[in-house]
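[1] just need the structure, nothing else, for what follows:
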Amino acid sequence: MPFAIYTKDVSRIALSVTERRGWIVIQQREIVSVVAAWTDGSMNRRGLFLALGAVSVAAWLAYGFLFGPNEFEATFDDNLARFPLAASMASQDPNLREIFLRRTQAAFGRGGWVAANKALRISLAAEVEVYADDEHINAITRAELALLRDLENKPLACRAFLFAGGMADELPQAKPDDQLAWFAHQAALQNGFERRLSGVGWTRPNEKETADVMRLLARGPIAALTPAELTATADYLDGDPDLACSAAIKEARNLTAMDAADAARVRRILMANSARIDAAEVMSKICAEPNNGWSCP
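    Got it, this is the predicted structure:
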């Protein structure tokens, strides 16, 4: 799903907490020196009042400097507003907004806006789409299988989609199937958010459950992954793109062949596992590859 919302150029981020604390220590020393100078003098009421006023102002500035929002946080809602659906979710669910903010902020610090975009897309899948009903979840799988087949003979474009996601204007090799996948994700997001707000629960998988699902998909029921495909999948970003693409197609086919409830359960586990993706690392790799059909600003 295309969530390229961060278009505003930001040239700096506020000082780190450590640097801020160091600044506060310096200010505290200066305040003590000022108070000592005044108290060693006449100690009249006016001098004491001024000293206490200086302490209060410095403390207020220090608090704002350490705990106030930095520039990314201050402009976050303005940037998010470029995508009404994500912004609407954030405005209705403060916890979800905090997840969006922290994950995109961390990615931005290491990879700029393009990494922040990816982090938002990951968060939407791992925190919202997972709540969608079985029909919407399985519709994503079917749409993405059609898209992957379109990209089967374009391995770099296929791998770019697998790791970075696709946009309607960035994968011309796969139109109109990339648009079908985009609409499937949109519908699942809306359905998932409604169910999340209504109190529908979902238990996140542990590492063992995730590993079991990956082994299950690699075995069938339609097509088993070859040893070379398993290696390419395990090698992640450094895997052979042809083999990574063929492995993804087999896994998607295996998903579509399962019972609807089982297929949706497996897909949700994979969505939840996507939260572990390092957005900055992924986008650094994808953006460095020419001719993969994915544009990096």
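
[2] can you give me the buried ones in the lengthiest helix in the chain?
    In the chain, taking DSSP state H as the definition, the longest helix is helix 94-127. By 16 or more other Cβ atoms under 10 Å, the buried positions in helix 94-127 come out as 96-97, 99-101, 103-108, 111-127. (C-beta placed from N, C-alpha, C; glycine too.)

[3] repeat for stretch 222-233
    By neighbour count on 16+ other Cβ under 10 Å, the buried set for stretch 222-233 is 223, 225, 229-230, 232-233.

[4] and the end-to-end length of that stretch?
    18 Å (Cα to Cα, to the nearest Å).

[5] kindly report the same for stretch 247-265.
    Note: stretch 247-265 ends 20 Å apart using Cα to Cα.

[6] pull the residues that contact it.
    For stretch 247-265, contacts defined as Cβ atoms under 8 Å, 6 or more residues apart in numbering pick out 133-135, 137-138, 141-142, 144-145, 148-149, 152, 158, 162, 217-218, 220-225, 229-230, 232-233, 266-267.

[7] for it, which residues meet the burial criterion?
    Across stretch 247-265, burial judged by 16+ other Cβ under 10 Å covers 247-255, 258, 263-265.

[8] please apply the same query to stretch 186-197.
    Neighbour-count burial for stretch 186-197 [16+ other Cβ under 10 Å]: 187-193, 195-196.

[9] could I get the residues you listed as JSON lines with pLDDT and distance to Glu207?
    Shown next, in JSON lines, are these (pLDDT from 0 to 100; distance: Cβ to Cβ, whole Å):
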{"residue": "Ala187", "pLDDT": "95", "distance to Glu207": "30"}
{"residue": "Ala188", "pLDDT": "96", "distance to Glu207": "25"}
{"residue": "Leu189", "pLDDT": "95", "distance to Glu207": "26"}
{"residue": "Gln190", "pLDDT": "95", "distance to Glu207": "30"}
{"residue": "Asn191", "pLDDT": "97", "distance to Glu207": "28"}
{"residue": "Gly192", "pLDDT": "97", "distance to Glu207": "23"}
{"residue": "Phe193", "pLDDT": "96", "distance to Glu207": "27"}
{"residue": "Arg195", "pLDDT": "97", "distance to Glu207": "25"}
{"residue": "Arg196", "pLDDT": "95", "distance to Glu207": "24"}
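
[10] and the residues you listed, which is closest to Phe83?
    Within the buried residues of stretch 186-197, the smallest distance to Phe83 is 10.6 Å, found for Leu189 (Cβ to Cβ).

[11] where's the host helix or strand of that closest one relative to the chain centroid, distance-wise?
    Per DSSP states H and E, Leu189 falls inside helix 177-197. For helix 177-197, the separation from the chain centroid amounts to 16 Å (computed by Cα atoms, centre = their mean, to the nearest Å).

[12] just checking, next helix/strand downstream of it?
    Assigned by DSSP H and E, the successor of helix 177-197 is helix 207-219.

[13] so for that following helix, what's the average pLDDT?
    On average, the pLDDT along helix 207-219 is 93.

[14] go on, stretch 228-243?
    Stretch 228-243 comes out with an average pLDDT of 93.

[15] quick one, what contacts the most centrally placed residue in the chain?
    The residue lying closest to the centre of the chain (Cα atoms, centre = their mean) is Ala119, at 1.9 Å. Contact analysis of Ala119 by Cβ under 8 Å, 6+ apart lists 103-104, 106-108, 279.
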